[in-house]
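*Asks:* sequence and predicted structure below; questions after.
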Amino acid sequence: MYSRSSEPVRFERDCAAVLVPQGDEVTLPAGTVGYITQSLGGSWTVFVEGNLMRIAGKDGDAIGKDPPDAIVLPEGASDEDVERLVWQQLRTCFDPEIPVNIVELGLVYGAQVHAREDGLREVEVKMTLTAPGCGMGEVLVDDVRSKVEMIPTVAAADVELVFDPPWNRSLMSDVATLETGMLLHGASAPRRA
């Protein structure tokens with residue numbers, strides 16, 4: 001779900017938010033008025049008093065929005081089934097300023113599922129940022145971790161932020177280059193899972 005709108009909202013309760021792009025956590029009090037500027041991956045970017053704020057999916061009720069649907073995993077699902085769900089979840093993670101998911105942006109270098117003896121799984125994700133000093137880095141890492149851990153049977157997600165190799169535009173998919181308006185002449189971006 002994506003929306004580039006200016007839908008007005010009024011916060012019905014105090015709500016945790018993250019200041020974009022700094023990454024600072026703030027609390028918006030009940031009664032605060034703003035505008036939704038982006039609605040992607042089950043979270044919202046809201047313009048409030050001259051600042052962009054990211055509202056997590058679990059707090060959607062504060063602005064009159066439904067939380068994301070629960071993830072369903074068929075009984076007896078294989079590690080490969082879980083890995084497919086991991087990549088689906090990664091595609092619901094967005095930088096609050098860019099309307100392209102982190103997989104298409106080329107920020108995810110890998111995701112591996114490891115079965116445990118108790119029947120649960122652990123997931124390792126290696127990802128990067130478009131710029132090492134990005135204030136939203138920890139916010140994106142937390143978003144990835146929480147969304148992967150929503151998958152049934154996933155006990156823990158270890159999300160490692162790496163900067164080698166450094167991100168560059170050639171890592172973006174064709175979809176991302178078209179969406180962001182940075183189509184590279186004649187370059188073909190590698191596909192991610």
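*Replies:* Noted; the coordinates are in hand. Numbering: from 1, shown residues only.

*Asks:* helices of this structure, start to end?
*Replies:* Taking DSSP state H as the criterion, the chain carries its helices at 79-90, 137-148, 174-180.

*Asks:* what's the most buried one of those?
*Replies:* Of all the helices of the chain, helix 137-148 has the most neighbours on average by mean count of other C-beta atoms under 10 Å, namely a mean of 20. (Each C-beta comes from the backbone N, C-alpha and C, glycine too.)

*Asks:* from the contact counts, what lies against it?
*Replies:* helix 79-90, strand 121-127, strand 154-161 (3 or more C-beta pairs under 8 Å, 6 or more residues apart in numbering; DSSP states H and E).

*Asks:* and Glu138, which of those is closest to it?
*Replies:* strand 154-161 (8.2 Å; C-beta to C-beta).

*Asks:* I figured Ile102 hits Gln89, correct?
*Replies:* No. If you go by C-beta atoms under 8 Å, Ile102 and Gln89 don't touch, sitting 10.6 Å apart.

*Asks:* elements contacting the least confident helix or strand in the chain by mean pLDDT?
*Replies:* Lowest on mean pLDDT, DSSP states H and E among the helices and strands of the chain sits helix 174-180, with a mean of 84. When contacts are defined as 3+ C-beta pairs under 8 Å, 6+ apart, helix 174-180 sits against none of the other helices and strands.

*Asks:* report the distance from it to the chain centre.
*Replies:* 17 Å (C-alpha atoms, centre = their mean, to the nearest Å).

*Asks:* do the same with stretch 23-31
*Replies:* With C-alpha atoms, centre = their mean, you get 19 Å for stretch 23-31.

*Asks:* please report how far the residue nearest to the spatial centre of the chain lies from Leu28.
*Replies:* When the chain is reduced to its mean C-alpha position, the closest residue under C-alpha atoms, centre = their mean turns out to be Cys93, at 1.7 Å. Distance, Cys93 to Leu28, by C-beta to C-beta, to the nearest Å: 22 Å.

*Asks:* what about stretch 150-159, start to end distance?
*Replies:* 14 Å (C-alpha to C-alpha, to the nearest Å).
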